[in-house]
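>>> I need the structure of the sequence given here:
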Amino acid sequence: MRRRSLILAAVPAGLVTLAGCGDDDSSDSSSAVDSSASPSASAPSAAPAPKIVDGPLPAITAGTKFGEKPTVAKGSGEPSDQLAVRTVIAGGGRTVAEGDYIQAHYLGQIWDTGKVLDNSYERKAPLLAQIAQGSTMEGWRYALTGKKTGSRVEFAVPPTWGFGKEGNAEAGIKGTDTLVFVFDIQDTFNAKSSAKGKDVPQDDAAVPVVGTNTDGKAPSVKIPKTDPPKKLVAEYVIEGDGEVVAADNTVLVQYKGVVWDTGKEFDSTYKNSALTSFSLQQVVKGWGQGLTGRKVGSRVVIVIPPDLGYGDQPPAGSGIEKDSTMVFTVDILAKM
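Numbering: from 1, shown residues only. Purely as a prediction, here's the structure:
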């Protein structure tokens, strides 16, 4: 049974979204509750893989450029009972592989009525979702795997690979509804993803020194032979040039955590070759405060004193003693 990441505070179930509840990542030992808007179909994913067909698909009548909110016509005639997929704009970036997290703007609507169910363009906040079985709608998984970043992809998902025969009454989706989606794929991330930016001098002798490798391997953490700081420390190791993280954002990260006194590693995404995403409102206070105001693309070293970590109530079996100071190296890959 997978356990929650040790950075998480007590959290509710995953965020309920248009397509159900977001699942956690695929890590066996350091998985986190995925609070991103990463939809998973409410119907079980027992159906065989669909046949990918060219159409039919409704026309995009306005907002035809990558990144623009598209206007999609109502479906004409009967939709395919397979997965119709069309690359509207072919990007030249990295290829999306199954298991990757993607960052994308998207719009979804009902084939028969043209009713828009959800879109990220108006929110000005792209979706962050893992393209993996059990983590997102099966129609998304089959349509987007193999596409390249910079691409606009339109596809139609019949109930078999969407919400099944039950539909989703809360969202106004019937069990017979085919759903039409347009995705603008901005970026894709996997277990080898790392910070991207400029190395920052690490010249404070009271702060742990963190490795600056960006090869997807865990950076080293060298802890000073001194007493830990009493207050929170959060410093750039690598400074990216992305957007600034807000206190209510969900972030996608690589990280490693060690105990100050012993240097013992107790949690890591690198060890399990699995990224994780979570809301900064669901983690221990030191994490939320340490990452707020930092730029996407950065690597940050965070030293968390007990009063902003676990204090005298560390998680059972974590290897963290009472009143321990924790040290984390965190690569902020994306936010939403």
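
>>> Excluding residues flanking it in the chain, which one is nearest Trp140?
Among residues not flanking Trp140 along the chain, Ile131 sits closest, at 6.6 Å (C-beta to C-beta, 6 or more residues apart in numbering). For every residue, glycine as well, the C-beta is placed using N, CA and C.

>>> That neighbour touches Ala104, doesn't it?
No. Using C-beta atoms under 8 Å, Ile131 is not in contact with Ala104, being 9.9 Å away.

>>> re the thing from before, give the contact list for the residue nearest to Trp140.
Residues in contact with Ile131, defined by C-beta atoms under 8 Å, 6 or more residues apart in numbering, are 96-102, 140-141, 144-145.

>>> Tabulate the residues you listed in a markdown table, adding columns for secondary structure and pLDDT.
Shown next, in a markdown table, are the contacts of Ile131 (DSSP: H, G, I helix; E, B strand; the rest coil; pLDDT from 0 to 100):
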| residue | secondary structure | pLDDT |
| --- | --- | --- |
| Val96 | coil | 98 |
| Ala97 | coil | 97 |
| Glu98 | coil | 95 |
| Gly99 | coil | 95 |
| Asp100 | coil | 97 |
| Tyr101 | strand | 97 |
| Ile102 | strand | 97 |
| Trp140 | helix | 97 |
| Arg141 | helix | 96 |
| Leu144 | helix | 98 |
| Thr145 | coil | 98 |
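
>>> Neighbour-wise, give me the winner out of those residues.
The residue in the contacts of Ile131 with the most neighbours, by other C-beta atoms under 10 Å, is Trp140 (29 neighbours).

>>> For that residue, which residues are in contact?
39, 129, 131, 157, 181.

>>> Distance check, the nearest residue to Gly75 once chain neighbours are set aside against Ala129.
Among residues not flanking Gly75 along the chain, Trp111 sits closest, at 3.6 Å (C-beta to C-beta, 6+ apart). Distance from Trp111 to Ala129, counting by C-beta to C-beta, to the nearest Å: 22 Å.

>>> these two touch, right, Glu122 and Lys69?
Yes. With contact defined as C-beta under 8 Å, Glu122 counts as touching Lys69 (6.7 Å).

>>> between the two, which one's more packed in?
Per other C-beta under 10 Å, whichever of Glu122 and Lys69 has more neighbours is Lys69, with 15 against 11.
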